[in-house]
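Colleague: Prediction below, plus the sequence it came from.
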Amino acid sequence: MREILAFRQVPIKKILSVAAPILFGSAVQTGILITDTAFLGHLGKLPLAASAIAGLLYFVFAMLFWGFSTGLQILIARRNGEQHYREIGSLVSHAQVLMWGLAIVLFFVLLFGVRSMLGVMVKDASVAAEAYEYLQVRIFGYFFCSLNFSFRGFYVGIGRTRVITFVTLCMLIVNICFDYALIFGEFGFPAMQIRGAALASVLAEAVGLLVFLFYTLRKVNWRHYWLFTYKALRLRIVKDLLRTGLPLLLQSTVNFFSWFVFFLIIEKMGVLELAVSNLIRSVLVAYFIPINGFAAATSTFVGFLFGSKHTDRIMPFVGRSLWLTCLSILIVVIPVLLFPHAILGIFSNEPEIIEAALPITYLISVSIFLQAIGNILFYAVMGLGRTIQAFYIDLAVLSLYILFVWLVALRIQGTLLQVWCAEFVYGGLLIVLVLSYIHYLQKRHFFRHSFVA
C-alpha cells in the first residue's frame, strides 16, 4: 500500500482494488437476504410481513457471533504478524467453544421463549404466529452460523479472504435451490411455505460450514496454525476476545436492533404496511452494496494515511471516495427508477403491495445519497481510530431516527410514506454530526480539514 504515497491523491484503481472484493461479498450476502424475501413475497403479504420481524430478530442475536469474529480476526492478525502461529490455533479453538456455547444458550432461549417474546412485541396475532413458525426452524442455524463466523475471523486474520467469497456464493446457490423446492413444494419436497424458507437458510449455513471445513483441511496447513486443538479454556484468551470484540459487537447489535424496532413500529400500522416495508428493505439493502464496499475502503486508507503521518491527504481522499460511492449508487438506482414495476415484481405478485411500495421506492432512491455521504464520512472517523466517538454518534443518530419513526407512525398516525421519510432524517443527522466532529478535530489540529488537494 505504500506506493500510494507517491501520489497526491489515492488512485482510483487502488480504491477499487480494496472495495471490489467487499462489494462482491456484500452482493452475494445481500442475494441470500433478497432470495427469501422474493420467494415469500409470492405467497402473500402475511408471510412477507412475518419474515421481516422473524429474520431481523434472528440477526439481532447473530450479531453476537459477528462481534466474537471481529475480535478474533484482529487478534489473529496480530499473532500472525508476530509469527506466533501456535497462539492462532488457541484463539480459534477458544472462540469456537465460546461461540458454540452461546449458540446453545440462544437456541434454548428462543426455542422456549420466542412465542412469549413475539406475543409481547407483535400486535397482529397472525403475524406473530407466522414469525414463530419461521423461528422454530431458523434457530437451528445458530449452530452452523457460530462456527462459520469463527472461520471467517480466522481467514480474514491471516489475509486469505477469497475463500469467504466462495463459501458465501455456495450458500447463495444452496439457499436459492432449497427456497424454491421447500417453499413451493417442488422436486418432490413438501410445500413448507415460511418454514421452508427458514429450513433453506439453515441448510445454506450448514453447507457453508462444510465448505469451510473441506477447504481448511485440504488447502490450508492447519497443523502450522495449530487448528483443531481443543484444550481447557484460558481466562487470558477469553478476556482478549471479549475486550477486542465487545465495542464492535455493541455497535452492530445496536444497528440491527434499531431496524428491528423500526419494523415492530411498522407492524403496529398493519400487515400491508409491514409487508411493503420488508419489500422496501430488500431494495435498500441492494442500494447499500456499493456503500459497504467503499466505506470499508475508506476506513482502510484513512487509517493508513493517518498512521503514515500524511494527514493532509485524508480529506482529499474522502472527497474522492464520496464521488466514487455516489457514482456507483447511480448504477444500482437507475434500473430501479426506469423499471420499478419489474424490480418490485421480483418480490411480490400482489398489485396492492407493489403500488404501495412505488412512492417509497422513489423516496429511498433519493435518500440513499444522503446515507452514502454520511456513511463514508462516518467510516473515515472510524479509520482515524475514533471508534468510541463513532459509536456515540451512531447511537445518537439511531435514537433520533427511532423517535421520529415512533412519532410519525404511532403518535401522529401518518402514512407509510411519511414514516419512511426517516431515511432523510438518518442520513442528514449522520452528515451533520460527523462533519461537526471532523470540524472539532480540525480545530484541535488533529489533521488538515480540506476536501480538495
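Modeller: Done, it's in.

Colleague: Tell me how many other residues crowd the nearest residue to residue 322 once chain neighbours are set aside.
Modeller: Of all residues not flanking residue 322 in the chain, residue 376 sits nearest, at 5.3 Å (C-beta to C-beta, 6 or more residues apart in numbering). Where C-beta positions appear, they are placed from N, C-alpha and C, glycine not excepted. Neighbours of residue 376 under the rule other C-beta atoms under 10 Å: 26.

Colleague: ditto for residue 62
Modeller: By other C-beta under 10 Å, neighbour count at residue 62 equals 19.

Colleague: repeat for residue 268
Modeller: Residue 268: 14 surrounding residues under other C-beta under 10 Å.

Colleague: Quick check: nearest residue in space to it, chain neighbours excluded?
Modeller: Closest to residue 268 by C-beta to C-beta, 6+ apart is residue 123, at 5.1 Å.

Colleague: What's the first helix or strand after the helix or strand harbouring the residue nearest to residue 322?
Modeller: If you go by DSSP states H and E, residue 376 is part of helix 351-383. Sequence order places helix 387-406 as the next helix or strand after helix 351-383, per DSSP H and E.

Colleague: and for that following helix, what are the contacting residues?
Modeller: By C-beta atoms under 8 Å, 6 or more residues apart in numbering, the residues outside helix 387-406 that reach it are 247-248, 250-251, 254-255, 258, 261-262, 265-266, 378, 381-382, 419, 422, 425-426, 429-430, 433-434, 437.

Colleague: Can I get it as PDB, trimmed to CA atoms?
Modeller: Extracted C-alpha coordinates of helix 387-406, given in PDB (Å, rounded to 0.1, in the frame of the first residue of the first chain):
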ATOM      1  CA  THR A 387     -14.300   4.100  17.300                       C
ATOM      2  CA  ILE A 388     -15.900   5.100  20.700                       C
ATOM      3  CA  GLN A 389     -16.800   8.500  19.400                       C
ATOM      4  CA  ALA A 390     -18.200   7.000  16.300                       C
ATOM      5  CA  PHE A 391     -20.300   4.700  18.400                       C
ATOM      6  CA  TYR A 392     -21.700   7.600  20.300                       C
ATOM      7  CA  ILE A 393     -22.500   9.400  17.100                       C
ATOM      8  CA  ASP A 394     -24.200   6.300  15.700                       C
ATOM      9  CA  LEU A 395     -26.200   5.800  18.900                       C
ATOM     10  CA  ALA A 396     -27.400   9.500  18.900                       C
ATOM     11  CA  VAL A 397     -28.500   9.300  15.200                       C
ATOM     12  CA  LEU A 398     -30.300   6.000  15.700                       C
ATOM     13  CA  SER A 399     -32.100   7.200  18.800                       C
ATOM     14  CA  LEU A 400     -33.400  10.300  17.000                       C
ATOM     15  CA  TYR A 401     -34.300   8.100  14.000                       C
ATOM     16  CA  ILE A 402     -36.400   5.700  16.000                       C
ATOM     17  CA  LEU A 403     -38.000   8.700  17.900                       C
ATOM     18  CA  PHE A 404     -39.000  10.200  14.500                       C
ATOM     19  CA  VAL A 405     -40.500   6.800  13.300                       C
ATOM     20  CA  TRP A 406     -42.400   6.400  16.600                       C
END
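
Colleague: What are the buried residues along the helix or strand following that helix?
Modeller: Downstream of helix 387-406, the first helix or strand assigned by DSSP H and E is helix 416-419. For helix 416-419, burial by neighbour count (16 or more other C-beta atoms under 10 Å) applies to 416, 419.

Colleague: Tell me the buried residues in the one helix or strand residue 120 maps to?
Modeller: Assigned by DSSP H and E, residue 120 belongs to helix 85-121. Buried residues in helix 85-121, counted by 16+ other C-beta under 10 Å: 85, 87-100, 102-103, 106-107, 110, 114-115, 117-118, 121.

Colleague: do stretch 182-189 as well
Modeller: Buried residues in stretch 182-189 (16+ other C-beta under 10 Å): 182, 183, 184.

Colleague: now stretch 203-223
Modeller: 203-209, 211-212, 215-216, 220, 222.

Colleague: Per-residue pLDDT of residue 300, please?
Modeller: At residue 300, the model reports a pLDDT of 69.

Colleague: State the helix or strand in which residue 306 lies.
Modeller: Assigned by DSSP H and E, residue 306 falls in helix 271-307.

Colleague: That helix - contacts with which helices or strands?
Modeller: Judged by 3 or more C-beta pairs under 8 Å, 6 or more residues apart in numbering; DSSP states H and E, helix 271-307 is in contact with helix 12-41, helix 45-82, helix 125-138, helix 235-267, helix 314-338, helix 340-345, helix 351-383, helix 416-419.

Colleague: can you list contacts of stretch 130-142?
Modeller: By C-beta under 8 Å, 6+ apart, stretch 130-142 touches 46-47, 49-51, 53-55, 57-58, 61-62, 65, 103, 106-107, 110-111, 114-115, 118, 122, 194-195, 197-199, 201-202, 205.

Colleague: before we move on, the earlier item: the residue nearest to residue 322 contacts residue 321, doesn't it?
Modeller: Yes - counting by C-beta atoms under 8 Å, residue 376 does reach residue 321; the two are 5.6 Å apart.

Colleague: what touches both of the two?
Modeller: Shared contacts of residue 376 and residue 321, counting by C-beta under 8 Å, 6+ apart, come down to 294, 298.

Colleague: least trustworthy helix or strand in this structure by mean pLDDT?
Modeller: Least confident helix or strand, the chain: helix 12-41 with a mean of 69, by mean pLDDT, DSSP states H and E.

Colleague: coming back round to it: let me know the angle separating the helix holding residue 376 from helix 314-338.
Modeller: 170 degrees (axes from the mean of the first three to the mean of the last three C-alpha atoms, to 10 degrees).

Colleague: and helix 351-383, average pLDDT?
Modeller: On average, helix 351-383 scores 92.

Colleague: That one: which residues count as buried?
Modeller: By neighbour count with 16+ other C-beta under 10 Å, helix 351-383 contains the buried residues 353-354, 356-357, 360-361, 363-365, 367-383.

Colleague: repeat for stretch 323-336
Modeller: In stretch 323-336, counting by 16+ other C-beta under 10 Å, buried: 324, 325, 326, 328, 329, 332, 333, 336.
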